[in-house]
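Novice: no sequence on hand, only this structure:
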């Protein structure tokens, strides 16, 4: 065991040896104390005031500060392939940077990998000097790349009384060798990293393709991009860079990592990322305010790869995401991409994320999404528009016993949008089973599933309770342009027959008229046992992690067949015979108030 006494350690911790299953190597922070490991150094330069600008100072960067490449001269690259772009000096910008800047405001410059902290709080990196002058709490690298311009806040505090920290390292805890096994990391505060975006995935805390790690009870925050990476780092060998040991230049996929009871927050791009992570367990974590720098694909400089999420996994075969509080990430809350066979997302509280609360992409399952509370998902872009539970090019899913409430678009929405392949076969949106959910007050409507087609088949929905806005639409089947219209020609023809009713002017139903539940049932043949019933009271209190709920007559009391292997949100097994819709089997018609997170372990 490596037992670490309280204090602030400014270094990269690099395990050198693998442990044994019965004798793992343990890195343990002193219990009851805070042990900080930082990728920053205290910075006490000779500050010079900027004439005419109150609270604005400039200082020179000494190259001796940086053990590796200078992060304040390097641009952030969020891409599938590793590319290096100079951010400074501006005379060194390449053609891609010049093209990006062409239509931008005068004086715009790319953001860098660096970070600045004053008295423990992060300062915001601006893209123009003008923005720094007008906005306290901001900074920028000067055009030459030789120093920083900083607007301190409040300006009344003397610089000699401030703690100024400058990130200088790209990793905080990461082995030098890849593929180490049986390591436990427990109880630390890891913060301040100047790490590059994927690919490869370079978390401030990194397992470096290791297996059977346990990362627990830590705080991981303020990475420039990824807080924690827990998978295989990359899917192309050329993305791995020059390793110290040539034998490590290969794809390494190991399994069985456990990430539990951590706080992973305020990281610039994503909280937890893992490429190729079989049997990963992500349990009991707080994952909040990630994508803190607000990256947007195809909006920021060389941001072309979508890794913006609280939790973003690829190929999470047999993975488990359970009992996490995932909130206010400026990207999807939980996102599994490119493989989710036998994965399960269960008993999570997912609030206030952008794009999708829970998202599944590119896989054939089977996968179970059950007993989650998803609410307040907000608009992110036209591509990810605020659905509670969303998926595209995804098949073989059971979405059961969830509450999806007050989201910006749909409670549950699935579609097919590309012609990618899984193996030799084109992707589908088939064999989707939407069962026994509570779908209330979602702005666009409760549910949208793809219309029947060659690559959208075997879908089914039943046993749900619908309340709030009732705009029933089926997603375009994707045979032509998947973004053309959410209403297929088949549905248009159905509405124009006048069944079961048509508008008073007799002209039929247009694009935005939507469906009634009766229309939906007749058109799809689904939801024969579902009901319309608004709750009498439903309040989700994000700050205290509570819910106050009072069901209306029939609301949530629908008796349906249980889903195999499902447990209730509170951790009790589902009855073996009949169950009620939603995450709880114990609700009555009385007003009830209880905590959503954490819930007891199974």
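Specialist: Yep, it's here. In this text, all values refer to a predicted model and were calculated from it rather than measured experimentally. Numbers count the residues shown, from 1 in each chain.
Novice: can we go C-alpha only for contacts and neighbour counts from here?
Specialist: Fine.
Novice: would you mind measuring from the residue lying closest to residue 541 once chain neighbours are set aside to residue 429?
Specialist: In this structure, residue 541 finds its nearest non-sequential neighbour in residue 547, 5.9 Å apart by CA to CA, 6 or more residues apart in numbering. Residue 547 is 33 Å from residue 429, where distance means CA to CA, to the nearest Å.
Novice: stretch 26-38: which residues count as buried?
Specialist: Neighbour counts using 16 or more other CA atoms under 10 Å place 26, 27, 28, 29, 30, 34, 35, 36, 37, 38 of stretch 26-38 among the buried residues.
Novice: how long is it end to end?
Specialist: By CA to CA, the extent of stretch 26-38 from end to end equals 19 Å.
Novice: any idea how far that stretch is from the chain center?
Specialist: Between the centre of stretch 26-38 and the centre of its chain there are 27 Å (CA atoms, centre = their mean, to the nearest Å).
Novice: how far away is residue 196 from residue 149?
Specialist: For residue 196, the distance to residue 149 - CA to CA - is 22 Å.
Novice: of these two, who's got more company?
Specialist: Neighbour count, other CA atoms under 10 Å: between residue 196 and residue 149, residue 196 has more, with 29 against 23.
Novice: ok, that one touching residue 74?
Specialist: No: at 9.1 Å, residue 196 and residue 74 do not qualify as touching, with contact defined as CA atoms under 8 Å.
Novice: mutual contacts of the two, please.
Specialist: residue 113 (CA atoms under 8 Å, 6 or more residues apart in numbering).
Novice: in which helix or strand does the residue nearest to residue 541 reside?
Specialist: According to DSSP states H and E, residue 547 maps onto strand 546-550.
Novice: which non-adjacent residue is nearest residue 294?
Specialist: residue 330 (6.4 Å).
Novice: which elements pack onto the one helix or strand residue 439 maps to?
Specialist: Using DSSP H and E, residue 439 maps to strand 438-440. Secondary-structure packing of strand 438-440 (3 or more CA pairs under 8 Å, 6 or more residues apart in numbering; DSSP states H and E): strand 403-405, strand 445-448, strand 465-467.
Novice: which ones are touching the residue sitting nearest the centre point of the chain?
Specialist: In the chain, the C-alpha nearest the mean C-alpha coordinate belongs to residue 309, at 2.0 Å (CA atoms, centre = their mean). Contact partners of residue 309, counting by CA under 8 Å, 6+ apart, are 269, 270, 271, 290, 291, 329, 330, 331, 332, 333, 334, 335.
Novice: and it, what's its pLDDT?
Specialist: Model confidence at residue 309, given as pLDDT, is 97.
Novice: against residue 540, how distant is the residue nearest to residue 541?
Specialist: 4 Å.
Novice: residue 41 now?
Specialist: As judged by CA to CA, residue 41 and residue 540 stand 41 Å apart.
Novice: returning to what we had before: hmm, who's touching the strand holding residue 439?
Specialist: If you take CA under 8 Å, 6+ apart as the criterion, strand 438-440 is touched by 401-406, 411, 446-447, 464-469, 534, 556, 581-582.
Novice: partners of that strand in the sheet?
Specialist: strand 403-405 (parallel), strand 465-467 (parallel) (DSSP bridges).
Novice: mind putting these in a markdown table, distance to residue 379 and mean neighbour count included?
Specialist: Shown next, in a markdown table, are those (distance: least, CA to CA, whole Å; neighbours: other CA atoms under 10 Å):
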| stretch | distance to residue 379 | mean neighbour count |
| --- | --- | --- |
| strand 403-405 | 15 | 27 |
| strand 465-467 | 21 | 25 |
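Novice: reformat those as JSON lines; add distance to residue 317 and mean pLDDT.
Specialist: Below are those laid out as JSON lines (distance: least, CA to CA, whole Å; pLDDT from 0 to 100):
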{"stretch": "strand 403-405", "distance to residue 317": "25", "mean pLDDT": "97"}
{"stretch": "strand 465-467", "distance to residue 317": "31", "mean pLDDT": "88"}
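Novice: adding distance to residue 364, write those strands out as TSV.
Specialist: Formatted as TSV, the strands paired with strand 438-440 follow (distance: least, CA to CA, whole Å):
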stretch	distance to residue 364
strand 403-405	23
strand 465-467	27
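Novice: one step back: report the contact partners of the residue nearest to residue 541.
Specialist: 538, 539, 540, 541, 593, 594, 595, 596.
Novice: again, only this time at 10 Å
Specialist: Contacts for residue 547 (CA atoms under 10 Å, 6 or more residues apart in numbering) come out as 373, 538, 539, 540, 541, 592, 593, 594, 595, 596, 597.
Novice: could you give the bridge partners of the residue nearest to the centre of the chain?
Specialist: residue 332.
Novice: enumerate every residue touching residue 294.
Specialist: Listed by CA under 10 Å, 6+ apart, the contact set of residue 294 reads 268, 269, 300, 308, 329, 330, 331.
Novice: widest-spaced pair of these?
Specialist: Farthest pair in those (CA to CA) is 300 and 329. Separation: 17.7 Å.
Novice: closest to residue 276 out of the strands paired with strand 438-440?
Specialist: Among the strands paired with strand 438-440, if distance is taken as CA to CA, the winner is strand 403-405, at 28.8 Å.
Novice: C-terminal to that closest one, what's the next element?
Specialist: Counting by DSSP H and E, what follows strand 403-405 is strand 410-415.
Novice: report the rounded mean pLDDT for the helix or strand following that following strand.
Specialist: Using DSSP H and E, the helix or strand that follows strand 410-415 in sequence is strand 421-422. Averaged across strand 421-422, the pLDDT comes to 94.
Novice: any residues touching the helix or strand following strand 421-422, and which ones?
Specialist: Next helix or strand after strand 421-422 toward the C-terminus (DSSP H and E): strand 425-426. Strand 425-426 is contacted by residues 393, 418, 419, 420, 455 when judged by CA under 10 Å, 6+ apart.
Novice: which of the residues you listed count as buried?
Specialist: Looks like the contacts of strand 425-426 have 393, 418, 455 buried, using 16+ other CA under 10 Å.
Novice: touching, residue 173 and residue 9? I think so.
Specialist: No: counting by CA atoms under 10 Å, residue 173 does not reach residue 9; the two are 11.3 Å apart.
Novice: between these two, which one's more packed in?
Specialist: Neighbour count, other CA under 10 Å: between residue 173 and residue 9, residue 173 has more, with 23 against 17.
Novice: if we can go back for a sec, and the furthest pair within the contacts of strand 425-426?
Specialist: Every pair of those checked by CA to CA; the farthest is 420 and 455, at 12.1 Å.
Novice: list residues touching both of these two?
Specialist: Joint contacts of residue 420 and residue 455 (CA under 10 Å, 6+ apart) are 393, 426, 427, 428.
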